[in-house]
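1. Using only what follows, build the 3D model:
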Amino acid sequence: MRNERLMLPFAGTLLLVVVFAISGIATNAFAQEDSVNPGINDRFMDANAGDWVSRFERDNREIYTRRDEIVSVLGLQPGMDVADIGAGTGFFTLLFAEKVGPDGVVYALDISESFVAHIRDRANEAGLTNVRGLVNPADSTGLAPDSVDAVFLAHTYHHFEYPFKMLESIHRALRPDGIVVLVEFERVEGVSPKFVLNMVRAGKGTFTDEFRDAGFELIEEVPFSEKDYIRKFGLRR
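-> Purely as a prediction, here's the structure:
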C-alpha cells in the first residue's frame, strides 16, 4: 500500500506532463504554419495605390461592375460593423460605409500600407467618418474578439499565405450571428484561364473545406457567374 501511495502522485504528474506536451505540440504546429504561397503578395507591399485603381476598378472587371449586387448579399443595416479584408483600393469599403451609416464601422484591412493610406484619403474626401484603415500582418486580422457582424473577402482568400491562422482570427473577430462572404474565382482544371490556374491555389471545394475545418458552416451559395462564385458562411453551432 505504501508503494501504491508513493506511485499515485507520480502517475498524476506524468499524466499532466503528457497532456501539456501534447498541447504544446498542437500549439507549436499552429504557430509554425508555413506559407502556402510565399511571395504572392510582394508586388503589393510597396505599390503605388493609384496605379492599381485602373486595374481593380475597370469596366470589364465583373466584381467591380456588379459591386452593388455583391454588396446586397451582405444584407448590411445601419449600425453594423464590417471588416473588408484585403480591401485594396477601397471601392467596396466606401459602399459598406454608406450602408452601415455613422453608427457603424467599416474596418478596411490590407497588408499594404499604401492601399490603407489610399482608402483613408478616399473616405476623408467622401466625408465618411466611419472607416478605420488598418494595416494587418499576413497571419492575422488584428481585430478584437467579437468586433464585427460581417467579414468580406473579395478575390482575397487565395492571397492568404497563412489561411488557417487568418480563418482562426476571423472566427475570433466574428460575432455569434455574424457572416463571412467569400467572393472567389472559379478554378477548374482545363476550364479556367491560365492566370487563374497559376494564381489561385485551389478550387471552391477545397476552400469550403478549409472554412469548415476552421469552425464555419456554409449557409448559402449565391448564384453569380461562370467566372466567380459567392459563398456565405456563418459560425458553426
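
2. correct me, but L167 touches R212?
-> No - using CB atoms under 8 Å, L167 is not in contact with R212; the gap is 10.1 Å. Every residue, glycine included, has its C-beta placed from N, CA and C.

3. out of these two, which sits in the busier spot?
-> More neighbours surround L167 than the other of L167 and R212, with 21 against 13 (other CB atoms under 10 Å).

4. Can you tell me the SS state at the more buried one?
-> Of the three states, L167 takes helix under DSSP: H, G, I helix; E, B strand; the rest coil.

5. For it, list the residues it contacts.
-> Residues near L167 by CB atoms under 8 Å, 6 or more residues apart in numbering: E210, F211, A214, G215, F216.

6. gap between it and I85?
-> 11 Å (CB to CB, to the nearest Å).

7. what do you get for A144?
-> A144 sits 15 Å away from I85, going by CB to CB.

8. For the residue nearest to A202 when sequence neighbours are not counted, report the pLDDT, please.
-> Excluding its sequence neighbours, the residue lying closest to A202 (CB to CB, 6 or more residues apart in numbering) is R187, at 6.7 Å. If you check R187, the pLDDT there is 96.

9. Run a quick neighbour tally on R187.
-> Residues contacting R187 under the criterion other CB under 10 Å number 21.

10. Then Y157?
-> With other CB under 10 Å as criterion, Y157 counts 23.

11. check contacts around it.
-> P163, L182, E184, F207 are the contacts of Y157 under CB under 8 Å, 6+ apart.

12. thought the second one was touching K204?
-> What it means is L182. No - with contact defined as CB under 8 Å, L182 does not reach K204; the gap is 9.2 Å.

13. I'd like the distance between F195 and F92.
-> In terms of CB to CB, F195 sits 22 Å off from F92.

14. And those two? Which one has more around it.
-> F92 (25 against 9).

15. The residue nearest to L128 when sequence neighbours are not counted: which element?
-> The shortest distance from L128 to any non-neighbouring residue, by CB to CB, 6+ apart, is to A97 (4.4 Å). Of the helices and strands defined by DSSP states H and E, A97 is found in helix 91-100.

16. How about residues contacting that helix?
-> Taking CB under 8 Å, 6+ apart as the rule, helix 91-100 contacts 56-57, 64, 67-68, 70-71, 74, 76-82, 84, 87, 104, 106, 108, 119, 122-123, 126, 128, 130-131, 152, 154.

17. what does stretch 204-218 give?
-> 157-158, 163-164, 167-168, 170-171, 180, 182, 184, 186-187, 229, 231-237.

18. Just these: which are in strands?
-> Residues of these located in strands (DSSP state E): V180, L182, E184, Y229, R231, K232, F233, G234, L235.

19. thought the third one was touching H155?
-> Okay, so that is E184. Yes - E184 is within contact range of H155, at 6.7 Å (criterion: CB under 8 Å).

20. Looking at those two, which is more packed in?
-> Between E184 and H155, E184 has the larger neighbour count (other CB under 10 Å), namely 23 against 18.

21. Could I get the contacting residues of that one?
-> With contacts defined as CB under 8 Å, 6+ apart, E184 is in contact with L153, H155, Y157, H158, V200, K204, F207, D228, Y229, R231.
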